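K.L.:
give me a 3D structure for the following:
(chains A, B, C and D)
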Protein chains: 2
Amino acid sequence: MPGISGGKNYHHGDLRNALICAAVDLAGEGGPERVVLREAARRVGVSPTAAYRHFDGRGELLRTVRLHARARLAEAMERAAAREPGADDPALAAERRLAALCRGYVGFAVEHPGLYRAAFGAVRPAPEEPPAGAPRPPEPEIRAFTLLKDALEALGRTAGRRPAAGAAAWSAVHGLSLLLLEGPLRRLPAQRRDDVVETTLAMVVSGARAR
Amino acid sequence: MPGISGGKNYHHGDLRNALICAAVDLAGEGGPERVVLREAARRVGVSPTAAYRHFDGRGELLRTVRLHARARLAEAMERAAAREPGADDPALAAERRLAALCRGYVGFAVEHPGLYRAAFGAVRPAPEEPPAGAPRPPEPEIRAFTLLKDALEALGRTAGRRPAAGAAAWSAVHGLSLLLLEGPLRRLPAQRRDDVVETTLAMVVSGARAR
DNA sequence: ACGGAATGTTCATGCGGTCAACATCGGGCA
DNA sequence: TGCCCGATGTTGACCGCATGAACATTCCGT
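P.N.:
Have a look, this model is predicted:
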């Protein structure tokens, strides 16, 4: 329901959406730490505290941005997979799809560093554990993960399988993305970067094949 | 040279070290964002601005902490590897060492989340690229990475090899660590967590074997 | 038409980073 | 020996940010 984009009636009308858009822009520009309530309000032309009528505070705004970012990531992955040509051999097709998804994942991260970081970076300080007993709101599905997992399962149908394989694959692409983005693999020339990406993909695929 | 620990003569004497210790403590407690200049100064019993006599500002303090954290991580990895029993078969020994290093890596991350995050998390905003042409100070070696790379090379001597294999392995453990720490794999019960870790390790090793 | 809920605004607090001006203190040099 | 400077701290001040409280406005349903 919270239409992410549509916002026309700015300045007065659907501030919530306007703020979200501004915040997403900010995240795109400088990652989660750049998502500053006051700045978002400023961009929308409204007083800082107005945001509190729509969000609990910066934290919730950030969480909303994160949802968007995750959705965009998943879209990028699916687009990448869709572009991939099929194959007669289902096993091969599965491998290709997995690889394509991973490339889409890393590609998105590299192209939209800020959004990617916003998608998964921790939003400190938020480890406030409710007294234990309070039913935690179920973490919403993370499509990027689901996509990977499903691709692996498809692969597993023809090869070995392993329950945590999805997490392993995810770890690889996630880690790779972060190392490339803000980690020590930052300033890697594009050429070598692709090399690293492909090697990592090979690792993921081989890990999926190996039972 | 900046002796990290030794500091006795607080309050006056080697403020720099005292501040570093306090900052490292802070990072350990709440990660990089918890490293707050004023708080470090407070803990050392000195005025906030005193820190500026020893650091350029919060950024440099944080960078210093990061170095420490990385060193500690490397130590943890080596300890883990040292505990690993050898093997007659050099290939097997190499595999075991690699796995042990990885376990040490993830173990450190899980045991010291704050420090781990401080070790690798981005220190925004810092993408100030010097006009292009200015010789960038060579990134100091990152031992954790070197350890992994060397272990893989040792493995490669008996199996296939691949240049970017180190980065791939690193990606896996790094990503895994972050997913476990602050990512969606946070609240995973310890049991399943180990499962994920082992599966990821299997992926890394199989990736190293696969030529 | 009216009253209250929704939505903004203004003010005020407190925290953190950082700068400039001032205070100290310990040496080293004249 | 004694004075002056530089290293090291301290005070005070400024600015941005997150948030909360109290006040103003709008707009809608009864």
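K.L.:
residues contacting residue A:74?
P.N.:
Contacts of residue A:74 were listed using CB atoms under 8 Å, 6 or more residues apart in numbering or on different chains, and they are A:143, A:144, A:147. All C-beta spots, glycine's among them, are computed from the backbone N, C-alpha and C.
K.L.:
buried ones among those?
P.N.:
Those of the contacts of residue A:74 that meet the buried threshold are A:144, A:147, by 16 or more other CB atoms under 10 Å in any protein chain shown.
K.L.:
now render the contacts of residue A:74 as a markdown table, adding distance to residue B:23, pLDDT and secondary structure.
P.N.:
Formatted as a markdown table, those follow (distance: CB to CB, whole Å; pLDDT from 0 to 100; DSSP: H, G, I helix; E, B strand; the rest coil):
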| residue | distance to residue B:23 | pLDDT | secondary structure |
| --- | --- | --- | --- |
| A:143 | 38 | 93 | helix |
| A:144 | 34 | 94 | helix |
| A:147 | 40 | 93 | helix |
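K.L.:
of all the contacts of residue A:74, which comes closest to residue B:175?
P.N.:
Taking CB to CB as the measure, residue B:175 lies nearest residue A:144 of the contacts of residue A:74, at 12.4 Å.
K.L.:
so how far is residue A:193 from the closest one?
P.N.:
Look at residue A:144 and residue A:193: by CB to CB, to the nearest Å, they are 20 Å apart.
K.L.:
ok, which stretches of chain A are helices?
P.N.:
A:15-30, A:37-44, A:58-83, A:90-111, A:113-120, A:143-158, A:165-181, A:190-209 (DSSP state H).
K.L.:
who wins for proximity to residue B:111 among those helices?
P.N.:
Evaluated with CB to CB, the helices of chain A place helix A:165-181 nearest to residue B:111, the distance being 17.9 Å.
K.L.:
tell me the spacing between the residue lying closest to residue A:87 once chain neighbours are set aside and residue A:81.
P.N.:
On the basis of CB to CB, 6 or more residues apart in numbering or on different chains, the spatially nearest residue to residue A:87 that is not a chain neighbour turns out to be residue A:93, at 4.0 Å. Distance of residue A:93 to residue A:81, given as CB to CB: 11 Å.
K.L.:
the helices of chain A: lowest mean pLDDT?
P.N.:
Among the helices of chain A, helix A:143-158 has the lowest mean pLDDT, at a mean of 86.
K.L.:
between that helix and helix A:90-111, how many degrees?
P.N.:
Interaxial angle of helix A:143-158 relative to helix A:90-111 (axes from the mean of the first three to the mean of the last three CA atoms, to 10 degrees): 160 degrees.
K.L.:
OK, contacts around the residue nearest the centre of chain A?
P.N.:
In chain A, the centroid-proximal residue (CA atoms, centre = their mean) is residue A:70; its distance is 3.6 Å. The contact partners of residue A:70, taken as CB under 8 Å, 6+ apart, are A:119, A:120, A:142, A:143, A:144.
K.L.:
leaving out chain neighbours, which residue sits closest to whichever residue of chain A sits closest to DNA strand C?
P.N.:
Across chain A, the shortest distance to DNA strand C (CB to the nearest atom of the strand) belongs to residue A:47, at 3.0 Å. Spatial nearest neighbour of residue A:47, excluding adjacent residues (CB to CB, 6+ apart): residue A:41 at 6.4 Å.
K.L.:
my read: the one you found touches residue A:50, true?
P.N.:
Yes - using CB atoms under 8 Å, residue A:41 is in contact with residue A:50, at 6.1 Å.
K.L.:
those two: which is more packed in?
P.N.:
residue A:41 (21 against 14; other CB atoms under 10 Å in any protein chain shown).
K.L.:
contacts only, for the more buried one.
P.N.:
Listed by CB under 8 Å, 6+ apart, the contact set of residue A:41 reads A:19, A:22, A:47, A:48, A:50, A:51.
K.L.:
check what pLDDT the residue in chain A that DNA strand D sits nearest to gets.
P.N.:
Relative to DNA strand D, the nearest point of chain A is residue A:57 (2.8 Å; CB to the nearest atom of the strand). What the model reports for residue A:57 is a pLDDT of 96.
K.L.:
got it, and residue A:128?
P.N.:
pLDDT for residue A:128: 43.
K.L.:
tell me the residues of chain A that contact DNA strand D?
P.N.:
For chain A, the contact set with DNA strand D under CB under 7 Å from any atom of the strand comprises A:36, A:37, A:38, A:39, A:48, A:49, A:52, A:57, A:58, A:59.
K.L.:
most neighbours of all the residues you listed, which one?
P.N.:
Greatest neighbour count in the residues of chain A next to DNA strand D, by other CB under 10 Å, goes to residue A:37: 22 neighbours.
K.L.:
which one is that one nearest to, not counting chain neighbours?
P.N.:
Sequence neighbours aside, residue A:58 is the residue nearest to residue A:37 in space, at 4.8 Å (criterion: CB to CB, 6+ apart).
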